[in-house]
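Trainee: Pasting a predicted model and its sequence here:
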Amino acid sequence: MEFGIHQQVLLTVFGIALVLGAVGQKTRFCTMGAVSDWVNIGDTGRMRSWVFSMAVALAGVVLLEATGTIDLSAETFPPYRSANFAWLRYIVGGLMFGVGMTLASGCGNRTLVRIGGGNVKSLTVLVVAAVCAYLMLWTPMYEKAFLPWIQATSINLAQHGMATQEVGAILAAMFGREGTRSFNLTVAALVALGLVVWVFRSRDFRRSADNIVGGAVVGLAVVAAWYVTGGPMGKAWKEYAEMASDIPSRVQTQSFTFVAPMGDTVRYLLDPTQLTSINFGVVALAGVILGSLLYALPSKGFRYERFFTIRDFATHVVGGALMGIGGVVAMGCTIGQAVTGVSTLAMGSILAFFGMVIGSVATIKYQYWRMMQEA
């Protein structure tokens, strides 16, 4: 096979994902863990790390858009800034994913990292979530069970003077201003600054190298992927795809998300000879697992972990199913929406983030209540 621009993009994404997996294994960056630490012991370290990743990603996007390197108001996958504001899908999908990741003991990214560290529980979650994501993406399941009510509750913001669902555009319309790019970038920069200030107000966070590095690397990885797929290399990549006889899958401006790639991986594995099905998400998923494994082995972090009860197995299966279905409904996971999506400052991504946190908090509270009842 000729090593052209398509292979260059996928190899670059794979390299970034390797770093993401290794750092995730080293720093224990985990969005579900962030919520759990906050609710159970009042420790906001990993929550601040998660928010720091959002701030870094948002600041990076501001810089790239301000210099004209990328334009995320154009077509992206998923369409974060779409004027079609499907508010209910973000909330419902976020809640489902938040419940699911708590039952499954980790979000999509953390599931992949744990697989690299030898966790059979996480492998089970991945299989279930991937099959459910495949059913949602590549069978009529989504169109029949979810699309009718999503369409019925969606708002066309363009009819209300908003070209996108970017926070800056919404604020401009609310105050009767023109939603210019410079205004939107200013709003995004101020939000990024506010997030950084909140994150570093904590002395404990400032003293934790793992939390700082974990959040910074996740945020920078998101920015790097935006640059690769939306910058000069991305433009050449899209031009290649338009002329290709065998059109490769998902050649669009995009960054890291982990639920749709799970479904895409199942699609590829069902027909491994169809090499055009190997896309950004498929190589990203493989890269995170391998990166985690490459760090876990020499650092003695590789530990075989399996199920010991049927109840634990069933809980993780339900969690995986909710992650796969909810992640597609929400158009992303705690990385895909709550970091990559937030980096575009799309209102839907913010709603999805809060939905995921609320779903996770409610599930943690319920699990604690049930444990007390059984004690």
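Mentor: Received the coordinates, thanks.
Trainee: For I91, which residues are in contact?
Mentor: Residues in contact with I91 (CB atoms under 8 Å, 6 or more residues apart in numbering) are L351, A352, G355. Where C-beta positions appear, they are placed from N, C-alpha and C, glycine not excepted.
Trainee: List the buried residues in the host helix or strand of G15.
Mentor: G15 belongs to helix 5-27 when assigned by DSSP states H and E. Buried residues in helix 5-27, counting neighbours by 16 or more other CB atoms under 10 Å, are found at 5-6, 9-10, 12-14, 16-27.
Trainee: For it, which helices and strands make contact with it?
Mentor: Contacts defined by 3 or more CB pairs under 8 Å, 6 or more residues apart in numbering; DSSP states H and E place helix 5-27 against helix 108-116, helix 209-230, helix 232-243, helix 280-296.
Trainee: ok, and the most crowded of the contacts of I91?
Mentor: For those, the largest number of neighbours (other CB atoms under 10 Å) sits with A352, at 33 neighbours.
Trainee: ok, that one touching G332?
Mentor: Yes. Contact criterion CB atoms under 8 Å: A352 and G332 qualify, at 6.5 Å.
Trainee: got any residues that touch both of these two?
Mentor: Taking CB under 8 Å, 6+ apart as the contact rule, A352 and G332 both touch A338, G341.
Trainee: hang on, the earlier thing: same list (the contacts of I91) but as TSV, adding distance to A74 and pLDDT.
Mentor: TSV is the format used below for the contacts of I91 (distance: CB to CB, whole Å; pLDDT from 0 to 100):
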residue	distance to A74	pLDDT
L351	22	98
A352	21	98
G355	26	98
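Trainee: residue ranges with poor pLDDT in this structure?
Mentor: 1 (pLDDT under 70).
Trainee: again, only using 80
Mentor: 1-2, 178-179, 375 (pLDDT under 80).
Trainee: Could you find the closest non-adjacent residue to the residue nearest the centre of it?
Mentor: The chain has G336 as the residue nearest its centroid, 1.8 Å off, counting by CA atoms, centre = their mean. The shortest distance from G336 to any non-neighbouring residue, by CB to CB, 6 or more residues apart in numbering, is to T257 (2.6 Å).
Trainee: and that neighbour, how far is that from R110?
Mentor: For T257, the distance to R110 equals 14 Å [CB to CB, to the nearest Å].
Trainee: Measure how buried E305 is and give me the count.
Mentor: Other residues close to E305 by other CB under 10 Å number 13.
Trainee: what about the closest residue to it other than its chain neighbours, how many neighbours?
Mentor: The spatial neighbour of E305 that comes closest, neighbours along the chain excluded (CB to CB, 6+ apart), is N119 at 4.6 Å. When neighbours are defined as other CB under 10 Å, N119 has 23 of them.
Trainee: Torsion angles phi and psi at N119?
Mentor: phi -90, psi 110 (degrees, to the nearest 10).
Trainee: Surely it touches G301?
Mentor: No. Judged on CB under 8 Å, N119 makes no contact with G301 at a distance of 10.9 Å.
Trainee: List the contacts of the nearest residue to G324 once chain neighbours are set aside.
Mentor: The spatial neighbour of G324 that comes closest, neighbours along the chain excluded (CB to CB, 6+ apart), is C132 at 2.9 Å. C132 makes contact with G263, G320, A321, M323, G324, I325, V328, according to CB under 8 Å, 6+ apart.
Trainee: ok, C132 to V329 distance?
Mentor: For C132, the distance to V329 - CB to CB - is 11 Å.
Trainee: so W138 makes contact with G263?
Mentor: Yes. Look at W138 against G263 with CB under 8 Å: they come within range, at 6.5 Å.
Trainee: Tell me which of those two has more neighbours.
Mentor: G263 (24 against 14).
Trainee: so the more buried one touches T139, yeah?
Mentor: No. Applying CB under 8 Å as the test, G263 and T139 come out as separate, 9.8 Å apart.
Trainee: Give me the neighbour count for G117.
Mentor: There are 23 residues near G117, going by other CB under 10 Å.
Trainee: In contact with it, which residues?
Mentor: Residues near G117 by CB under 8 Å, 6+ apart: Q25, S292, L293, A296, G301, F302, R303.
Trainee: Now it. Nearest residue, chain neighbours left out?
Mentor: A296 (4.5 Å).
Trainee: What degree of burial does the one you found show, as a neighbour count?
Mentor: A296 has 21 neighbouring residues, counting by other CB under 10 Å.
Trainee: again with E75
Mentor: E75: 13 neighbours (other CB under 10 Å).
Trainee: ok, it touching V251?
Mentor: No. Using CB under 8 Å, E75 makes no contact with V251, being 10.7 Å away.
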